[in-house]
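Asker: One predicted model, sequence on top.
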Amino acid sequence: MGAMKVDVRLNAIVDPERANGRSLADLARMVVAGGATLIQLRDKHGATRQMIEEARAIKAALAGTGVPLVVNDRVDVALIAEADGVHVGQEDMRAEDARGLLGPDAIIGLSIKSVPLANAAPLEALDYVGVGGVYATTSKDNPNPPIGVAGLRDIVAAFRARRRDLPICGIAGIDASNAAPVIGAGADGVAVISALSMQADPQAAARQLREVVDTALKARQR
């Protein structure tokens, strides 16, 4: 468990395949200016050296913002670029092994798509989880049908029964028009790609989405 509680209200995933002609560092800078609380670098097809350079550039762009950078899957890249942690999927390195390599202060996130996976997740190694896909999406080859808001609610409940304060973000197909039900189902935030990166003004898109999330969180607390 890292020293800080990860703020997953607006988890912005930056991916060179969906950057709309912008550099990932510029994109990260824009979405953080709009209210993103966590940046994840995802590059499924880039060469290792290129990924390290991307991660370093993003890290430099985030300097002084207090917003952490995690790298999807690639623990080696995170280590070398001095990112704040990693996000791993079910096929990637085990979260416990990533924790062993990156140390106690790193942020470790894990993708979860079912209640059995939620029940089996190594909570002592994790700082947050990403749950989904909630809605249908075009940005990832996802053979699994969407779990929907009801599926998300069930997975959130499984986690809350094990660890009340675990930060949880919903992922897949989320934008300002459908983020509120994700928060209503118990998630603490949303993870998005195209909803920010493919917009004409990523900063404005981030601001709008963050407002929807914050409003929904307040409504839930009432």
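Answerer: Cool, the structure landed.

Asker: helices or strands next to the longest helix seen in the chain in the packing?
Answerer: Scanning the chain for the helix with the most residues, using DSSP state H, yields helix 202-221. Judged by 3 or more CB pairs under 8 Å, 6 or more residues apart in numbering; DSSP states H and E, helix 202-221 is in contact with strand 10-14, helix 24-33, helix 179-184, strand 189-192, helix 194-197. For the C-beta atoms, the positions are set from N, CA and C on the backbone; glycine is no exception.

Asker: So which bits of the third one are buried?
Answerer: When burial is assessed from 16 or more other CB atoms under 10 Å, helix 179-184 yields the following buried residues: Ala179, Ala180, Pro181, Val182, Ile183.

Asker: before we move on, what about the first one?
Answerer: Of the residues in strand 10-14, Leu10, Asn11, Ala12, Ile13, Val14 count as buried by neighbour count, 16+ other CB under 10 Å.

Asker: ok, so of these, who is nearest Ser114?
Answerer: When these are compared for distance to Ser114 (CB to CB), Asn11 comes out closest, at 20.2 Å.

Asker: Next, the contact list for that closest one, please.
Answerer: Asn11 makes contacts with Ala36, Thr37, Leu38, Ile39, Gln40, Gly130, Cys169, Ile171, Gly189, Val190, Ala191, Val192, as judged by CB atoms under 8 Å, 6 or more residues apart in numbering.
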